[in-house]
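*Asks:* Here's my sequence, what's the structure:
(chains A and B)
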Amino acid sequence: GENVEQHPSTLSVQEGDSAVIKCTYSDSASNYFPWYKQELGKRPQLIIDIRSNVGEKKDQRIAVTLNKTAKHFSLHITETQPEDSAVYFCAASIVLGQAGTALIFGKGTTLSVSS
Amino acid sequence: GAVVSQHPSWVICKSGTSVKIECRSLDFQATTMFWYRQFPKQSLMLMATSNEGSKATYEQGVEKDKFLINHASLTLSTLTVTSAHPEDSSFYICSASSSDTSYEQYFGPGTRLTVT
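*Replies:* Below you'll find the model as predicted:
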């Protein structure tokens, strides 16, 4: 089955620096790769996603890149701010046959932005 | 749009009792709902996937007789933890998707279950 590896598990940066989180996946059939931000005790919030027919997508300070050949995708946050501090999860889609598609999540990265 | 609610937000129950958690899509029809379990400082572990009107598909290692899932309508799925034990204490989160949301998943706020 699908296996999603996420690195690093923790990341500390200074305000204004960039942060990069990387994920790899194993199932070549995966075609949807979302990134979620989760604050303590709250629900995961979708921040950006990318589909397999696109190599890069950007939304203001957040960008995601995808390399389907190498089966890895990355989240880039520029000009980090203290409010970016949270746990970030990557995910990759899997096909469940008649049940549709589901997501398999990486283990998460705790990002701390200090001012 | 794409709002998912979950009820209750937290529940404390005694060992051996059963607890039902509801997940509702408020402004769209959820053809598929997902149930996740999250332990402190850990990732979301997919427990099962449910499609409206059909039996849930459980992930390996998840006991279907212990975690009963019903998806009776396009806006409601329920998870019942039967004969709960302290090790079932966790954060349970549902999510919902449909063709209307381009298969993105929208998460409920989660339910904190504590079994004493």
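
*Asks:* Contacts only, for residue A:17.
*Replies:* Counting by Cβ atoms under 8 Å, 6 or more residues apart in numbering or on different chains, residue A:17 makes contact with residue A:80. All C-beta atoms are positioned from the backbone trio N, CA, C, and that covers glycine.

*Asks:* Quick one: mean pLDDT for the helix or strand hosting residue A:37?
*Replies:* Assigned by DSSP states H and E, residue A:37 belongs to strand A:32-38. Strand A:32-38 shows an average pLDDT of 95 in the prediction.

*Asks:* Next: stretch B:87-107.
*Replies:* For stretch B:87-107, the mean confidence score works out to 85.

*Asks:* do that stretch and chain A meet at all?
*Replies:* Yes. Using Cβ under 8 Å from any Cβ of the partner chain, stretch B:87-107 reaches chain A at B:93, B:97, B:103-107.

*Asks:* now swap in stretch B:47-55 and tell me
*Replies:* Yes. Judged by Cβ under 8 Å from any Cβ, stretch B:47-55 comes into contact with chain A through B:49, B:51, B:54.

*Asks:* So the first one sits against residue A:102, correct?
*Replies:* Yes. In this structure, residue B:49 sits in contact with residue A:102. The criterion is Cβ atoms under 8 Å, and the distance is 5.1 Å.

*Asks:* which neighbours do the two share?
*Replies:* Counting by Cβ under 8 Å, 6+ apart, the contacts common to residue B:49 and residue A:102 are A:96, B:34.

*Asks:* circling back to that earlier point, so what secondary structure elements neighbour the strand holding residue A:37?
*Replies:* Judged by 3 or more Cβ pairs under 8 Å, 6 or more residues apart in numbering or on different chains; DSSP states H and E, strand A:32-38 is in contact with strand A:45-51, strand A:62-67, strand A:86-95, strand A:101-105.

*Asks:* try 6 Å this time
*Replies:* In terms of contacts (3 or more Cβ pairs under 6 Å, 6 or more residues apart in numbering or on different chains; DSSP states H and E), strand A:32-38 is packed against strand A:45-51, strand A:86-95.

*Asks:* Of those strands, which is nearest residue B:7?
*Replies:* Between residue B:7 and the helices and strands packed on strand A:32-38, the shortest separation by Cβ to Cβ is 19.7 Å, and it involves strand A:45-51.

*Asks:* Downstream of the closest one, the next helix or strand is which one?
*Replies:* Going down the chain from strand A:45-51, the next helix or strand is strand A:56-59, by DSSP H and E.

*Asks:* returning to what we had before: now, among the residues of stretch B:47-55 next to chain A, which is nearest to chain A?
*Replies:* residue B:49 (5.0 Å; Cβ to the nearest Cβ).

*Asks:* What separation do you get for the closest one and residue B:56?
*Replies:* Noted for residue B:49: a distance of 7 Å to residue B:56, by Cβ to Cβ, to the nearest Å.

*Asks:* Mind listing the residues bridging to residue B:51?
*Replies:* Per DSSP bridges, the residues bridged to residue B:51 are residue B:32.

*Asks:* what about stretch A:104-115, distance to the chain center?
*Replies:* 9 Å (Cα atoms, centre = their mean, to the nearest Å).

*Asks:* Also stretch A:41-53?
*Replies:* Taking Cα atoms, centre = their mean, one finds the center of stretch A:41-53 at 7 Å from the center of the full chain.

*Asks:* Also stretch A:84-104?
*Replies:* 10 Å.

*Asks:* Give the buried residues for that stretch.
*Replies:* A:84-94, A:99-104 (16 or more other Cβ atoms under 10 Å in any protein chain shown).
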